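S.K.: Sequence and computational prediction follow.
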Number of protein chains: 2
Amino acid sequence: MAKFERHIFICGNQRPPGHPRGCCDPAGRAELQKLFKQKLAERGLKSTVRANQSGCLDQCEHGPNLVVYPDAVWYGGVTLADVDEIIDSHIVGATPVERLRMKDSCINTASCEHKPLPSDRNANKDVVKTP
Amino acid sequence: MAKFERHIFICGNQRPPGHPRGCCDPAGRAELQKLFKQKLAERGLKSTVRANQSGCLDQCEHGPNLVVYPDAVWYGGVTLADVDEIIDSHIVGATPVERLRMKDSCINTASCEHKPLPSDRNANKDVVKTP
């Protein structure tokens, strides 16, 4: 035995309801991490791939998030229904799931196509909606 | 901005006092993670290197543990006094701190030079100590 072949960090952070950044695990049940752990064990991968609970990964607006190392592949908007595909395609098959993958241009940015600047968010609030 | 150049996961797991595996953060104060975060910010590295709180990394017997990705360099027995050296030598200077580095042969093993097999631990208990 040696290092994990892959180490998956699944964000389990909570923020108060209504927080502008949102959070990855509002219920605090770690359901995504637990399901990854269970599914990896079912495939006999428990000793080589770890599904690790993680503190805030700081990409809250794209959550629920996870990152797979050492590949450094980031996923956003991950649901329980995506777990099998990520394991089978990426972890087993070495092909990341492109439809869930975060672009480099979305990671650690003040704004991106999914995340307007705070000033733009405020501007949108002032738009008078016509019926 | 893009992915973190380095992503440090610092174990903040607690186990009950006296647990045979021990744990990395018995007080639950995340002092190691907070100090990494502070020292990285002081060096202007906040946006490129993240000191992330982590759930159990499963190397409890060697704790307090952390792992640096994408390098996949593991450290054990890390104290607050080691934070500057890890940042300066490894994160800034790209030279891991060998005196704290966990050997591959110590990671994910049932036993190693620092961790006897449970049967050996029990055997040691039965040794009659002479005064």
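M.R.: Yep, it's here. Numbers count the residues shown, from 1 in each chain, chains lettered A, B, ... in the order given.
S.K.: Could I get the buried residue list for stretch A:56-76?
M.R.: Judged by neighbour count (16 or more other Cβ atoms under 10 Å in any protein chain shown), stretch A:56-76 contains these buried residues: A:56-57, A:59-69, A:71-76. To be clear about C-beta, it is placed using only N, CA and C from the backbone, and glycine gets the same treatment.
S.K.: so of those residues, which ones are in strands?
M.R.: Those of the buried residues of stretch A:56-76 mapping onto strands are A:Leu66, A:Val67, A:Val68, A:Tyr69, A:Val73, A:Trp74, A:Tyr75, per DSSP state E.
S.K.: and these near chain B, which?
M.R.: Filtering these for neighbours of chain B using Cβ under 8 Å from any Cβ of the partner chain leaves A:Val67, A:Tyr69, A:Trp74.
S.K.: Just the closest of those to A:Ala2, please.
M.R.: Nearest to A:Ala2 among these: A:Tyr69, at 15.0 Å, using Cβ to Cβ.
S.K.: Look up the closest residue to the closest one, ignoring the ones flanking it.
M.R.: Once flanking residues are discounted, A:Tyr69 sits nearest to B:Tyr69: 3.9 Å by Cβ to Cβ, 6 or more residues apart in numbering or on different chains.
S.K.: Identify the bridge partners of that neighbour.
M.R.: B:His7 (DSSP bridges).
S.K.: Over to A:Trp74?
M.R.: The partner residues for A:Trp74, given DSSP bridges, come to A:Val67.
S.K.: who touches it in this structure?
M.R.: For A:Trp74, the contacting residues are A:Gln59, A:Asn65, A:Leu66, A:Val67, A:Val68, A:Arg101, A:Met102, A:Ile107, B:Lys3, by Cβ atoms under 8 Å, 6 or more residues apart in numbering or on different chains.
S.K.: buried residues in the longest helix that chain A contains?
M.R.: Looking across chain A with DSSP state H, the single longest helix is helix A:31-42. Judged by neighbour count (16+ other Cβ under 10 Å), helix A:31-42 contains these buried residues: A:Glu31, A:Leu32, A:Gln33, A:Leu35, A:Phe36, A:Lys37, A:Lys39, A:Leu40.
S.K.: residues of whichever helix or strand comes after that helix that come out buried?
M.R.: Toward the C-terminus, helix A:31-42 is succeeded by strand A:49-54 as the next helix or strand (DSSP states H and E). For strand A:49-54, burial by neighbour count (16+ other Cβ under 10 Å) applies to A:Val49, A:Arg50, A:Ala51, A:Asn52, A:Gln53, A:Ser54.
S.K.: which one of those residues is nearest chain B?
M.R.: A:Gln53 (3.0 Å; Cβ to the nearest Cβ).
S.K.: Could you dump the buried residues of strand A:49-54 into CSV and include pLDDT and distance to A:Pro26?
M.R.: CSV is the format used below for these (pLDDT from 0 to 100; distance: Cβ to Cβ, whole Å):
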residue, pLDDT, distance to A:Pro26
A:Val49, 98, 26
A:Arg50, 98, 24
A:Ala51, 98, 20
A:Asn52, 98, 20
A:Gln53, 98, 15
A:Ser54, 98, 16
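S.K.: ok, and of those, which contact chain B?
M.R.: Filtering these for proximity to chain B (criterion: Cβ under 8 Å from any Cβ) leaves A:Arg50, A:Asn52, A:Gln53, A:Ser54.
S.K.: Quick check: residues of chain A near chain B?
M.R.: A:1-4, A:7, A:9, A:12, A:33, A:47, A:50, A:52-58, A:67, A:69-72, A:74, A:104-105, A:107-110.
S.K.: can we see that at 6 Å?
M.R.: Residues of chain A found near chain B (Cβ under 6 Å from any Cβ of the partner chain) are A:1-3, A:52-55, A:69-70, A:72, A:104, A:107-109.
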